[in-house]
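*Asks:* any chance you can model this:
(2 chains)
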There are 2 protein chains.
Amino acid sequence: MADQIRVAIAGYGNLGRGVESAVAQNPDMQLVGVFSRRDPASVTLLDSNVPVYPMADIEQYQNEVDVMILCGGSKTDLPEQGPYLAQFFNTVDSFDTHAKVNEHHAALDEPARKSGKVALLSVGWDPGMFSLNRMFGETILPEGETYTFWGKGLSQGHSDAVRRVSGVKKGVQYTLPSEEAIARVRNGEQPELSTREKHVRECFVVLEDGADEEAVRNAIVTMPDYFEPFDTTVNFIDEATFAAEHSAMPHGGFVIRSGETGTQSKQTMEYSLALGSNPEFTASVLVAYARAVHKMASSGDVGAKTVFDVPPGLLSPKSPAQLRKDLL
Amino acid sequence: MADQIRVAIAGYGNLGRGVESAVAQNPDMQLVGVFSRRDPASVTLLDSNVPVYPMADIEQYQNEVDVMILCGGSKTDLPEQGPYLAQFFNTVDSFDTHAKVNEHHAALDEPARKSGKVALLSVGWDPGMFSLNRMFGETILPEGETYTFWGKGLSQGHSDAVRRVSGVKKGVQYTLPSEEAIARVRNGEQPELSTREKHVRECFVVLEDGADEEAVRNAIVTMPDYFEPFDTTVNFIDEATFAAEHSAMPHGGFVIRSGETGTQSKQTMEYSLALGSNPEFTASVLVAYARAVHKMASSGDVGAKTVFDVPPGLLSPKSPAQLRKDLL
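*Replies:* Residues are numbered from 1 along each chain as shown, chains lettered A, B, ... in the order given. Alright, predicted model coming up:
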C-alpha cells in the first residue's frame, strides 16, 4: 500500500512479537524493521521478510520510520531508551511504573519537543484502557467509588513462589477477582475493599514423584504474605494437562464505577477485559495508538502525551465521516 | 468559585432536569439559566435560585454562557435549535437519529465555524460511550466481531402497546439482553445474532377489575411484530407494587468485542452500563463533555465535533499532571 504507516519495533521479546502480529492485522501499516541488542542473526521473527538491525545503528533509520514502538521493560529499558529515541522518532511505550509516570513524562517531553516528535507513554490496558475508564467513571459520576479488579491473570512472582515449594515439579498461580466482592460492587453497595479482599488465588501444580498432596497444599496456603492472607485453592494436575492448559499468559480484569445521580439513582459503569494473551493484547493497543501518534505528529503536535491527550477517533483507520456513519 | 464554567440549559424536560442535577455535582460549574419555550413562570426547577428565561430571548445571553446544553428531542428540536444556537454558543447535544448524524454534523459545522464556536453532537451513552467502545473494540482487535446489547431498559413504544391491550389497567415493558446470547458472545463463539435473538421482553401488568390473566397474557405474547417474535414473559402485579417498583426509567446495555490476536489467542473487551435513570446518566455524560467543549473552545478549536474528536482528559476537572499521577 502506497501510504502505509511505517512502524518499527525496539526490543523483541513477548511484547515485540505481539506487536509484529498486531501490525500484520492492520493493512494500513507496515513493519519496516526490528531493532535488538542481541546479534541480529540470532533473532527469529514470525515474518522472515522483516529485517533485524542492531540497536546501536537505530539513529541511522530516522527517515525510514514513522513510529517506533518501544517493547522493552519499564525498570531499566524504557527510562533509558525512551528519552534517547524521542530525539529521532515518534515513539509509543508501555511504561507501567506507576510512581514514576510524571518523571518519565518529563524525561520524554524535552527531547520530543526539541526534535518536533510525539512521545506517547504508558499505553496498554493498565495503564491505558483501564486508566481511561477510571477517568470516565470519576468524571461522569463524580459522586461514587471506583474499583479496579485484576484477573484472571497469571502472576509471575507467585508462580515462582509455588515452584519453590518442596515436592512441586511444575506450578502456576492465577490471581482472580473475588466473585463476592464484584457482586457487592455491582450491587451499588460501594464497600471499602483492600486489594486482598478483592482477589483470590488459584494454583495448578504438578507433583514430583512420591510427593504428598496435603503437605504441598499446606505449604502453599500457609506461606506468609504470598498466600496466607488470601483465599487460596491448590489443584493437582498431571504434566500433560499442565502443558496443554497452563502455558498461555492470560490476564484481564474489571474497572467498575458505582455512583449516584439526581434523586439517588444508582448508576454503574463497568469495563472488563478477558485476555487470552496479555502481551498480545497490550501490543494490539500499542499498535492502534501508533496510528494515532502518526496522525498527531503529521498535524504538527509535539511532546510527551498519554492516552488522556489522544482524540480517540485517531486510533481508527476510518475517516471521521465514516466513523460517525458506522459507529455513532 | 471565581472561574466556574457557566452552563445553561435549552429545554427543560427529563433530560434538562438531569443536567441541572449533574451540574450541581460538579463544583467547577455553575448553572446560569434555563431556557424554555413554555411560560417561564410555569417552569419549576429543582433549584429555585436559577433563573428561567424565554427561549425567544436566548440570543441576548451569549456573553453570559460558556456552554449551552441542548436538551430537546432529536426529531424536531435539535435539527432546528442546534444550527441556530451554534451561531451564538458553544453547544453540546444528544442527537440520536443514527441515519442523520452526518447531516446534523454538517448543519452544525458551518454556523459553528462562522461564529468561532464548538458544537459537540450525539453525546450520551448510545450514541456516546457505546460508540467510543465500539471504536476501541474494532480498532484494537481488527479481527473480530462487535455486539451491542440493550437493557435492562424501559421501552416506551412497547409499554404503550401493552397498555392498549383490553383488560390492562397499567403496564410497562422492559427489554433485556438474552443471557444465552451474551454467554455465547463472551465465550468467544462470535455467533451471528439478530436484534431479536439478542433480546427478550418482560412485561409488568396491573389488571382491570375482573380481567382474565390468561386472556391478557395471550393477547400480549401473540401480538405481531411487538411481542410474537420475542421470548416474552408477562408478570401480573398489584397497583402498589407497580407504583413502588416501576416508575423509574432504568436502562443500560453491553458493548462486547470478541476477537483474536497473534496465534489465535481469544481476546474479549466488554463495556456495560446498568443505569437506575437513563435521562440522569445521559445528562451526566453531557455535563462532563460540556467541560471538554469549554476547554476546546478556549484553546481556539472550532466547528462540529463528536466524542471521537475529544481528547478524553479534557472531560476531567483535574490537570494533566494530576490525571497522570492519579489514574495512569
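*Asks:* how far away is the residue of chain A most remote from its centre from chain B?
*Replies:* Most distant residue from the mean C-alpha position of chain A: residue A:210, 39.6 Å away (CA atoms, centre = their mean). Residue A:210 sits 36 Å away from chain B, taking CB to the nearest CB, to the nearest Å as the criterion. The way it works is simple: take the backbone N, C-alpha and C, and place the C-beta from them, glycine included.
*Asks:* in which helix or strand would I find that residue?
*Replies:* Applying DSSP states H and E as the criterion places residue A:210 outside every helix and strand.
*Asks:* what's the domain layout of chain A?
*Replies:* As recorded under the TED database, the domains making up chain A are A:5-126+A:279-327, A:129-276.
*Asks:* tell me which of the ones you listed sits most buried.
*Replies:* When the domains of chain A are scored by mean count of other CB atoms under 10 Å in any protein chain shown, the highest mean neighbour count falls to domain A:5-126+A:279-327 (a mean of 20).
*Asks:* anything in it near chain B?
*Replies:* Yes. Domain A:5-126+A:279-327 reaches chain B (CB under 8 Å from any CB of the partner chain) through A:17-18, A:21-22, A:25-26, A:98, A:101-102, A:105, A:122, A:280-281, A:283-285, A:288, A:291, A:306-313, A:315-317, A:320-321, A:323-325, A:327.
*Asks:* send me the helix or strand that residue A:110 is a member of as PDB with only the CA atoms.
*Replies:* Element membership for residue A:110 (DSSP H and E) is helix A:101-115. Only the C-alpha atoms of helix A:101-115 are listed here, as PDB (Å, rounded to 0.1, in the frame of the first residue of the first chain):
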ATOM      1  CA  VAL A 101       4.900   8.300  35.400                       C
ATOM      2  CA  ASN A 102       5.300  12.000  35.700                       C
ATOM      3  CA  GLU A 103       9.100  11.700  35.900                       C
ATOM      4  CA  HIS A 104       9.100   9.600  32.700                       C
ATOM      5  CA  HIS A 105       6.700  12.100  31.100                       C
ATOM      6  CA  ALA A 106       9.100  15.000  31.800                       C
ATOM      7  CA  ALA A 107      12.100  13.000  30.600                       C
ATOM      8  CA  LEU A 108      10.400  12.400  27.200                       C
ATOM      9  CA  ASP A 109       8.800  15.800  26.800                       C
ATOM     10  CA  GLU A 110      12.000  17.800  26.500                       C
ATOM     11  CA  PRO A 111      13.700  15.700  23.700                       C
ATOM     12  CA  ALA A 112      10.400  15.200  21.900                       C
ATOM     13  CA  ARG A 113       9.800  18.900  21.800                       C
ATOM     14  CA  LYS A 114      13.300  19.600  20.700                       C
ATOM     15  CA  SER A 115      13.000  17.100  17.800                       C
END
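*Asks:* and that helix, what does it pack against?
*Replies:* helix A:77-85, strand A:118-120, strand A:303-305, helix B:320-327 (3 or more CB pairs under 8 Å, 6 or more residues apart in numbering or on different chains; DSSP states H and E).
*Asks:* what about the second one, average pLDDT?
*Replies:* In other words, strand A:118-120. What strand A:118-120 shows for mean pLDDT is 98.
*Asks:* which residues touch it?
*Replies:* Contact with strand A:118-120 is made by A:82, A:86, A:90-93, A:108-109, A:111-112, A:289, A:292-293, A:296-297, A:301-307, A:310, as judged by CB atoms under 8 Å, 6 or more residues apart in numbering or on different chains.
*Asks:* would you tell me whether the following helix or strand past that strand gets close to chain B?
*Replies:* Sequence-wise, the next helix or strand downstream of strand A:118-120 (DSSP H and E) is helix A:129-140. Yes. Under the criterion of CB under 8 Å from any CB, chain B is reached by helix A:129-140 at A:129, A:131-132, A:134-136, A:138-140.
*Asks:* now the helix or strand following helix A:129-140 - C-alpha only, CSV.
*Replies:* Per DSSP H and E, the first helix or strand lying C-terminal to helix A:129-140 is strand A:144-150. Provided in CSV are the C-alpha atoms of strand A:144-150 (Å, rounded to 0.1, in the frame of the first residue of the first chain):
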residue,chain,number,x,y,z
GLY,A,144,-19.2,7.4,43.7
GLU,A,145,-16.4,4.9,44.0
THR,A,146,-14.1,3.3,41.5
TYR,A,147,-12.9,-0.3,41.8
THR,A,148,-10.2,-2.0,39.8
PHE,A,149,-10.0,-5.8,40.0
TRP,A,150,-7.3,-7.8,38.2
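*Asks:* average model confidence for strand A:144-150?
*Replies:* So the average pLDDT for strand A:144-150 ends up being 95.
*Asks:* who does it pair up with?
*Replies:* Applying DSSP bridges, strand A:144-150 is found paired with strand A:251-261 (antiparallel).
*Asks:* pLDDT of the strand it pairs with, averaged?
*Replies:* Mean predicted lDDT for strand A:251-261 stands at 96.
*Asks:* for whichever helix or strand comes after it, packing partners?
*Replies:* Where DSSP H and E defines the elements, the next helix or strand beyond strand A:251-261 is strand A:265-275. Strand A:265-275 makes packing contacts with helix A:129-140, strand A:251-261, strand B:265-275, helix B:278-298 when contacts are defined by 3+ CB pairs under 8 Å, 6+ apart.
*Asks:* contact partners of the worst-scoring helix or strand of chain A on mean pLDDT?
*Replies:* Across the helices and strands of chain A, mean pLDDT, DSSP states H and E gives its lowest value to helix A:195-198, namely a mean of 87. Here helix A:195-198 makes contact (CB under 8 Å, 6+ apart) with A:147, A:149, A:177-178, A:181, A:229-230.
*Asks:* and the two most separated of those residues?
*Replies:* Spatially, the most separated pair among the contacts of helix A:195-198 is A:147 and A:229, at 19.1 Å (CB to CB).
*Asks:* quick revisit: let's have the helices and strands packed on strand A:265-275 in CSV, adding distance to residue B:11.
*Replies:* CSV is the format used below for these (distance: least, CB to CB, whole Å):
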stretch, distance to residue B:11
helix A:129-140, 21
strand A:251-261, 19
strand B:265-275, 21
helix B:278-298, 12
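*Asks:* cool, thanks, talk later.
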